[in-house]
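Colleague: need a structure here:
(chains A, B, C and D, ligands or ions: 4)
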Amino acid sequence: MDSRIIIFDQVSKIYPENITAIQNISLSIDRGELVFLAGHSGAGKSTVLKLIAGIETATHGSVIVNGFELSQTKLNHRTFIRQHIGFIFQDHKILFDRNVFDNVRLPLDILGYSEHLIKARVAHALESVGLEHKTHVMPEQLSGGEQQRLCIARAIVHQPKILIADEPTANLDRDNALRILELFKNFHKAGVTMLISAHDESILNDYAKRIIRLKQGQFKG
Amino acid sequence: MDSRIIIFDQVSKIYPENITAIQNISLSIDRGELVFLAGHSGAGKSTVLKLIAGIETATHGSVIVNGFELSQTKLNHRTFIRQHIGFIFQDHKILFDRNVFDNVRLPLDILGYSEHLIKARVAHALESVGLEHKTHVMPEQLSGGEQQRLCIARAIVHQPKILIADEPTANLDRDNALRILELFKNFHKAGVTMLISAHDESILNDYAKRIIRLKQGQFKG
Amino acid sequence: MKLINAHYRSIITSITRILNKPFEHMLNILVISIIIAILSSIFVITKSSRIWETSNINYPQIMIYLSQNAKQSDVSKLEVSISKFNQKLIRNYQFISKQQGLQELQQDQQLQMISSDVITESSNPLPDVLIVNTNTANPKLLSQLIERIGNMNMVDNVQMDTNYANKINDLINFIKYIATFLQIVFVIVFILVVYNMIRLQMLLRQDEIIVSRLIGASDSFIMRPLAYYAILQVTLASLLAYFLVNWFINFMNGLFSNLKYLFGNSFLLTNLTSLQLGQMLVILIIFTIFSVFLAVQWVFKHAHA
Amino acid sequence: MKLINAHYRSIITSITRILNKPFEHMLNILVISIIIAILSSIFVITKSSRIWETSNINYPQIMIYLSQNAKQSDVSKLEVSISKFNQKLIRNYQFISKQQGLQELQQDQQLQMISSDVITESSNPLPDVLIVNTNTANPKLLSQLIERIGNMNMVDNVQMDTNYANKINDLINFIKYIATFLQIVFVIVFILVVYNMIRLQMLLRQDEIIVSRLIGASDSFIMRPLAYYAILQVTLASLLAYFLVNWFINFMNGLFSNLKYLFGNSFLLTNLTSLQLGQMLVILIIFTIFSVFLAVQWVFKHAHA
Ligand SMILES: Nc1ncnc2c1ncn2[C@@H]1O[C@H](COP(=O)(O)OP(=O)(O)OP(=O)(O)O)[C@@H](O)[C@H]1O
Ligand SMILES: Nc1ncnc2c1ncn2[C@@H]1O[C@H](COP(=O)(O)OP(=O)(O)OP(=O)(O)O)[C@@H](O)[C@H]1O
Ligand SMILES: [Mg+2]
Ligand SMILES: [Mg+2]
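Modeller: Numbers count the residues shown, from 1 in each chain, chains lettered A, B, ... in the order given. Ligands and ions are numbered 1, 2, ... in the order given. Have a look, this model is predicted:
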């Protein structure tokens, strides 16, 4: 078994109207590795993460996740890969028509878990992010930071093999941010492969095993 | 004319189900002042800002903005006050069904500006935040930081008397954050009253004229 | 000036919205126009049948058989008393003398065989007859009328096909019944569909509405484009319905002209006049604005901002 | 096991959705049910009128006048040849002898006055008559039939109210025309309304669909609750429509029983059998699933994720 779980081989992503987000990037990430992705606004961080989850498709080069070359994988199989990834979206993508509990259970519904297991798992995930007292609250009644933590709970509830977090601490004060990073560290210890983007490197220094720096779609130093 | 444009007099805000967000806060802000609001996630920063814009109503005490006691002002008059406030929402509130230009023009439409003036004002606002090259792009094609700057452009396009920004730099890298703060400083110089919340105080140090620190709904030190 | 500009922009906005997603909006317009078309068809049919009803012999005839020894002067007297009856009861009458009666009888194929040899001009057993065309199908009024005529001088016998009278009366009531019933059903359907259309439109634009409110939009700023949108929809639907009804009328009139002999006179559907079309449109638009108002209030309450 | 669980959850979800916003969904159900009710009413009416059509004397009668010197044996021969005609052309026939004809004639009020003195049993000018009830209203077939009968032995004269035949034929075609026309219109309306309902449902749940896709939901995971939702709506609407039609039938039958004498026999609408109801439901549901599929594909294309 290949020790590398994510491989980028000379990947470029050009959005419509010739907007080059990523240019000729190659990288590989081992199973269980913890990698940070840093870079200015518009550097291409989110694009890299979306390519891994198969949400965007590379224009050139190949993206291989868990042995699958994504651009050659059928859409239905790509959604299957997503089921094994936890994704914390930069714009949250919270569903405002249902309460915190029902937001967090969504990945488990997709995987077809039983009601019993769902209750236990959701409770555990909410506890990890410190939202256990908001279980039955509607998302619009949460503060910005609480919403962010809700997204984290949804991404980890099905205990994915790969956890991708796009600026997971952007809306959090230092204490809460450190708490979340601590949580991620535990995941890392449990063998989860992790990719975390951040525009603010200062908070990473204690944790960074490996930092990839992007600048205008290319690797930097 | 009262030099104070915003007055909180023993204000408390208790959300449904007895969630106390703000407890017995009194403060006053002078015309043209620049004030920062700091505090942990859930401290009540957004609540204070929403009370000023009349989006939420105080449970106890009185909130006076520009001479109007908001809780005694009719809804229609409250929307009138909002027209003179620029609000940068923590959750952006971008309309994804229209392009950047049409998002930014919205406040001018509400004020009934002519097409000619709208074009000039929007162009100028987009330029101030560095989004002039994205004028006709759909918001979903913007990176997280670009979306945040779009919100800032919409809040300043009608040159409001009061500018309220709820974590305007949360999604921005340091360079872009400093650029935005520089922009705010220029507004401040032009006489706009400004209230900016942030969970991260480090970036404020160079600018802070006055910092109000919240902790669990109350003033702190 | 600002207000005119605002209205102008709202109109442009709603037209652009419809042009941007023509298929979706066409569906709505089509459904609404079908409902309006059905409503106006029912209106057209009842209106036309009322015209047809009054201008055609479809009310029962009363046959007055005079006694054999009635003279010309008796007939004249009788005619005078009958012409005094209310227009609403009697439309006109017709005198058929013994001689005319005989001629008609001789033209009847089946009777020819038996009558030709037996009955001749000299031995005419037929009475003079006065045929009265009534103007009502109400059985009560008709039986009163028959009683009064029966008591007149020189009247031997009065006959009316009461069965026929009842039939006509029932048929007319029946048609009115069904027409009213269908009209009520389709007015309700129209109300529900328009209200629902606007509610859904608002739900689909809920983000826009909430954000606009938050940055200071007034109720009217939000209502205006929705109202124009709905008015535009209903107007387009009404026009489409007008053409549908026009086509339906032509189609039906084509059929009716083939069926001409089934009805006393040719039954013709007449289209709505432009005045009626205008009135209908105004009523529909008033209702539409009211619906928009209700729908907007509903969303405001649920968006509480 | 997982799949059954998933289906079970989808059903529960769609029921909860309907129960959570009963008013909105009731509107949809009502509109759909009215359309279904109209469709099934048309079906019921055409079905019932077909039954009525075959069981009532509404096809033209042919009167065969035999020559005066026809004997009993001639009549029998004639009856045999007529009974050989196709069932589709001739339902039955009835022989009326001179004597019977005379008796009937003597009972006719108007003729009594002239015939009683003149025509007696001994000097009976009437012919024997054979009345044939036909089974078709097709003018071409009827005139062929008349020609063939006219050429038969001892037949003096063949008469048919061709005018009446044409009327009946036209009327039947006319009703079929309109029924078909209305059925097509309302099937189209049904398609548009259901498709639109699901599309709007999906637009309203677009966020949910997009987010679900992004975290790995398959097409069927997204389609399932929507399909159940739509099926539930259509099923409820069908049931409601069934009651509406039932009520309509009772209402109409009440009216018809008053109008009994207008129609040869009492005209009765019969409701859909439970088999027909089941068939209708199955067809509607198949169509509904197809609509859901189309609508889902449409949204997937536009959400391209
Ligand atoms: N769907 C899209 N269509 C077109 N252009 C896009 C799209 N998504 C991103 N872009 C552009 O690609 C570039 C990189 O975007 P990306 O979202 O990857 O940046 P980022 O590093 O995540 O920035 P941020 O820190 O602001 O989130 C930006 O210039 C952005 O405008
Ligand atoms: N609409 C609401 N209904 C109920 N509770 C609410 C509502 N909005 C906020 N709260 C609660 O009030 C408290 C303060 O919220 P607020 O949004 O003011 O915090 P904040 O300082 O802006 O936090 P953050 O930095 O995370 O945005 C939180 O506990 C939050 O859950
Ligand atoms: Mg990003
Ligand atoms: Mg906040």
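Colleague: how far off centre is stretch C:12-19?
Modeller: A distance of 36 Å separates the centroid of the chain from that of stretch C:12-19, by CA atoms, centre = their mean, to the nearest Å.
Colleague: what is the rounded mean pLDDT of that stretch?
Modeller: Confidence over stretch C:12-19 (mean pLDDT, whole number) is 83.
Colleague: what about that stretch, near chain D?
Modeller: No - if you take CB under 8 Å from any CB of the partner chain as the test, stretch C:12-19 misses chain D, and the best it gets is 14.0 Å. All C-beta spots, glycine's among them, are computed from the backbone N, C-alpha and C.
Colleague: would you map the strands across chain A?
Modeller: Assigned strands in chain A, in chain order: A:4-15, A:19-30, A:34-39, A:60-65, A:68-69, A:85-88, A:162-166, A:193-198, A:210-215, A:218-219 (criterion: DSSP state E).
Colleague: C:Y229 contacts C:L19, doesn't it?
Modeller: No - taking contacts as CB atoms under 8 Å, C:Y229 lies outside contact range of C:L19: 11.9 Å.
Colleague: tell me which of these two has more neighbours.
Modeller: C:Y229 (24 against 9; other CB atoms under 10 Å in any protein chain shown).
Colleague: specify the local secondary structure of that one.
Modeller: Secondary structure state of C:Y229, per DSSP: H, G, I helix; E, B strand; the rest coil, is helix.
Colleague: how close does it get to D:R148?
Modeller: 68 Å (CB to CB, to the nearest Å).
Colleague: check C:I188 too.
Modeller: Distance from C:I188 to D:R148, counting by CB to CB: 56 Å.
Colleague: could you do A:A177 as well?
Modeller: 102 Å.
Colleague: who's more crowded, those two?
Modeller: Between A:A177 and D:R148, counted using other CB under 10 Å, the more crowded position is A:A177 (22 against 14).
Colleague: ok, how many other residues are close to residue 61?
Modeller: Reading this off chain A. Count around A:G61 with other CB under 10 Å applied: 17.
Colleague: the chain in question should be chain C.
Modeller: 16.
Colleague: which residues touch it?
Modeller: Counting by CB atoms under 8 Å, 6 or more residues apart in numbering or on different chains, C:Q61 touches C:I131, C:V132, C:N133, C:T134, C:M160, C:D161.
Colleague: now the third one: closest residue in space that isn't a chain neighbour?
Modeller: So the one you mean is C:N133. Excluding the flanking residues, the one nearest C:N133 by CB to CB, 6 or more residues apart in numbering or on different chains is C:R91, at 4.6 Å.
Colleague: can I take it that that neighbour is in a strand?
Modeller: Yes - assessed by three-state DSSP, C:R91 belongs to a strand.
Colleague: pretty sure it contacts C:F85?
Modeller: No - C:R91 is not in contact with C:F85 according to CB under 8 Å; the separation is 10.0 Å.
Colleague: ok, back up a step: closest to ligand 2 out of the strands of chain A?
Modeller: Between ligand 2 and the strands of chain A, the shortest separation by CB to the nearest ligand atom is 15.7 Å, and it involves strand A:85-88.
Colleague: report pLDDT for the spatially most central residue of chain C.
Modeller: Geometric centre of chain C, nearest residue: C:T46, 1.2 Å, by CA atoms, centre = their mean. If you check C:T46, the pLDDT there is 80.
Colleague: list the contacts for the residue nearest to it when sequence neighbours are not counted?
Modeller: Nearest residue to C:T46, sequence neighbours excluded (CB to CB, 6+ apart): C:A179, at 4.8 Å. Shown in contact with C:A179 (CB under 8 Å, 6+ apart): C:I42, C:I45, C:T46.
Colleague: next, the buried residues of the longest helix along chain A.
Modeller: Longest helix of chain A, by residue count under DSSP state H: helix A:174-189. Neighbour counts using 16 or more other CB atoms under 10 Å in any protein chain shown place A:R174, A:N176, A:A177, A:R179, A:I180, A:L181, A:L183, A:F184, A:F187, A:H188 of helix A:174-189 among the buried residues.
Colleague: of these, just say which sits nearest to chain B.
Modeller: Using CB to the nearest CB, A:N176 is the member of the buried residues of helix A:174-189 that sits closest to chain B, with 4.9 Å.
Colleague: what about that closest one, distance to B:T47?
Modeller: 17 Å.
Colleague: which residues touch the nearest residue to C:L294 once chain neighbours are set aside?
Modeller: In space, and not counting its chain neighbours, C:L294 is closest to C:Y195: 6.9 Å by CB to CB, 6+ apart. Residues near C:Y195 by CB under 8 Å, 6+ apart: C:S291, C:L294, C:A295, D:L27.
Colleague: give me the buried subset of the residues you listed.
Modeller: For the contacts of C:Y195, buried by 16+ other CB under 10 Å: C:S291, C:A295, D:L27.
Colleague: can you redo these as a markdown table with secondary structure and distance to C:R213?
Modeller: Output for the buried ones among the contacts of C:Y195, formatted as a markdown table (DSSP: H, G, I helix; E, B strand; the rest coil; distance: CB to CB, whole Å):
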| residue | secondary structure | distance to C:R213 |
| --- | --- | --- |
| C:S291 | helix | 21 |
| C:A295 | helix | 15 |
| D:L27 | helix | 25 |
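Colleague: surely C:Y93 meets C:N133?
Modeller: Yes - C:Y93 is within contact range of C:N133, at 6.7 Å (criterion: CB under 8 Å).
Colleague: so which of the strands of chain A is nearest D:M154?
Modeller: strand A:68-69 (95.2 Å; CB to CB).
Colleague: each with direction, which strands does the closest one pair with?
Modeller: Strand A:68-69 sits in its sheet next to strand A:60-65 (antiparallel), going by DSSP bridges.
Colleague: between the strand it pairs with and strand A:193-198, how many degrees?
Modeller: Interaxial angle, strand A:60-65 versus strand A:193-198 (axes from the mean of the first three to the mean of the last three CA atoms, to 10 degrees): 120 degrees.
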